[in-house]
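**Student:** Fold the stuff below for me.
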Amino acid sequence: MRMILAPMEGVIDHTMRDLLTTLGGVDRCVTEFVRVSDLLLPPRVFRRLCPELNRGGVTASGTPVYVQLLGGKPGPMAENAARAAELGALGVDLNFGCPAKTVNNHDGGSILLREPQRVHNIVAAVRRALPEHVPLTVKMRMGFENREPVMENALAVESAGASELAIHARSKVDGYRPPAYWEDLIPVREALNIPLVANGEMWSPSDALRCREVSGCNDLMLGRGALARPDLPRLVGAAVRGEHIEPLAWPEVLPLVLQYFHVLLENYDARHVGNPIKQWLVYLRHYFPQAAILFEQIKRLREPEALHDTLAADLSSLRDCAA
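**Tutor:** Numbers count the residues shown, from 1 in each chain. Below you'll find the model as predicted:
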């Protein structure tokens, strides 16, 4: 079994990839998408979204990172995929899953699933442009208006030369509303000769085990669940092996939040570091009630000093209680 950390635009950037992969259980990451229109992008664009290219294409803990591309034109997608490989990308992933209206309105993401032949043409062009040793993977939803096109698109992806397909088991119109339709992956998995990775609505080890059982997919891709429970990949791996390990408790998670804050200060404009912290707390509060309390304390804070002081005070208070 492999556990893949999902690409989440504006959420799982290189700083979050570094943090989550240090906790273990993640076999591969995928970057936020590199938006491709008509031009061959300069190397700095790839290195900004995937600074791991500067250290062999892996996170600080050694987890491989694939560069994801999003666009609707075979030629430019192929050219930019070749550039990613030249810069050291360990693999290239293509995005046919993004449900964002802005992206779809500009001929990218899940709207392309309306036209399986276009999906095939893009994948085939990218595969031809990449060196043989560089894997080409694809992430998509089950369809745009509905889930019916999933088989035709999946076969188009495989026949074009992709080495692996991840499917978020909902359509664009389904959005992120539960449930994820894992059972609809069964005929797709049975029809494909390449690995199928299941994605969508896995918030706990029991969810992941049920997804594997229902879909028959051996490999899983975790997104929002890994943000809500940072050690979820490790917990899922243990559950699959029939082992029990203790999940992280809030006294172990809060130091990670403060650590993340410091990393953000090193990488981004200090005026904006509060947003990713607040965003992560919104996910964490799905599992940790203390995160909801902390979010209320900092949601109106803007200055990094005030944010730091509040986070540090909470951590100090927690340690005092433990002592």
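**Student:** Show me what the longest strand along the chain is packed up against.
**Tutor:** Of all segments of type strand in the chain, defined using DSSP state E, the longest is strand 28-35. In terms of contacts (3 or more C-beta pairs under 8 Å, 6 or more residues apart in numbering; DSSP states H and E), strand 28-35 is packed against strand 3-5, helix 14-22, helix 43-49, strand 65-70, strand 92-96. For every residue, glycine as well, the C-beta is placed using N, CA and C.
**Student:** That one vs strand 65-70, what angle?
**Tutor:** Per axes from the mean of the first three to the mean of the last three C-alpha atoms, to 10 degrees, the angle that strand 28-35 makes with strand 65-70 is 30 degrees.
**Student:** State the paired neighbours of strand 28-35 in the sheet, together with their directions.
**Tutor:** Note on strand 28-35: by DSSP bridges, its sheet partners are strand 3-5 (parallel), strand 65-70 (parallel).
**Student:** pLDDT of it, averaged?
**Tutor:** Strand 28-35 carries an average pLDDT of 98.
**Student:** CA atoms of that strand as CSV?
**Tutor:** Written as CSV, here are the backbone C-alpha positions of strand 28-35 (Å, rounded to 0.1, in the frame of the first residue of the first chain):
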residue,chain,number,x,y,z
ARG,A,28,4.8,10.7,-2.2
CYS,A,29,3.6,14.3,-2.4
VAL,A,30,2.2,16.3,-5.3
THR,A,31,2.7,20.0,-5.6
GLU,A,32,0.1,22.7,-6.0
PHE,A,33,-0.6,23.1,-9.7
VAL,A,34,1.6,25.0,-12.1
ARG,A,35,-0.8,26.9,-14.3
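**Student:** ok, Ala129 - contacts?
**Tutor:** Taking C-beta atoms under 8 Å, 6 or more residues apart in numbering, we find Ala129 in contact with 78-79, 81-82.
**Student:** Give me the distance between it and Gly88.
**Tutor:** Note on Ala129: its distance to Gly88, by C-beta to C-beta, to the nearest Å, is 16 Å.
**Student:** ok so, going back, can you pick the most crowded of the contacts of Ala129?
**Tutor:** When neighbours are counted by other C-beta atoms under 10 Å, Ala81 leads those with 28 neighbours.
**Student:** pretty sure it contacts Leu69?
**Tutor:** Yes: counting by C-beta atoms under 8 Å, Ala81 does reach Leu69; the two are 6.0 Å apart.
**Student:** joint contacts of those two?
**Tutor:** 92, 126.
**Student:** sorry, back to before: tell me which of the helices and strands packed on strand 28-35 lies nearest to Gly200.
**Tutor:** Nearest of the helices and strands packed on strand 28-35 to Gly200, taken as C-beta to C-beta: strand 3-5 at 12.7 Å.
**Student:** average pLDDT across that closest one?
**Tutor:** If you average the pLDDT over strand 3-5, you get 98.
**Student:** before we move on, the earlier item: show me the one of the strands paired with strand 28-35 that comes nearest Ile167.
**Tutor:** Comparing these by C-beta to C-beta, strand 3-5 comes nearest, at 12.2 Å.
**Student:** Now do the closest one: distance to the chain's middle.
**Tutor:** Remark: strand 3-5 is offset 8 Å from the chain centroid, using C-alpha atoms, centre = their mean, to the nearest Å.
**Student:** neighbouring contacts of it?
**Tutor:** With C-beta under 8 Å, 6+ apart as the contact definition, strand 3-5 has outside contacts at 12, 17, 20-21, 25-30, 63, 166, 197, 219-223, 226, 233, 236-237.
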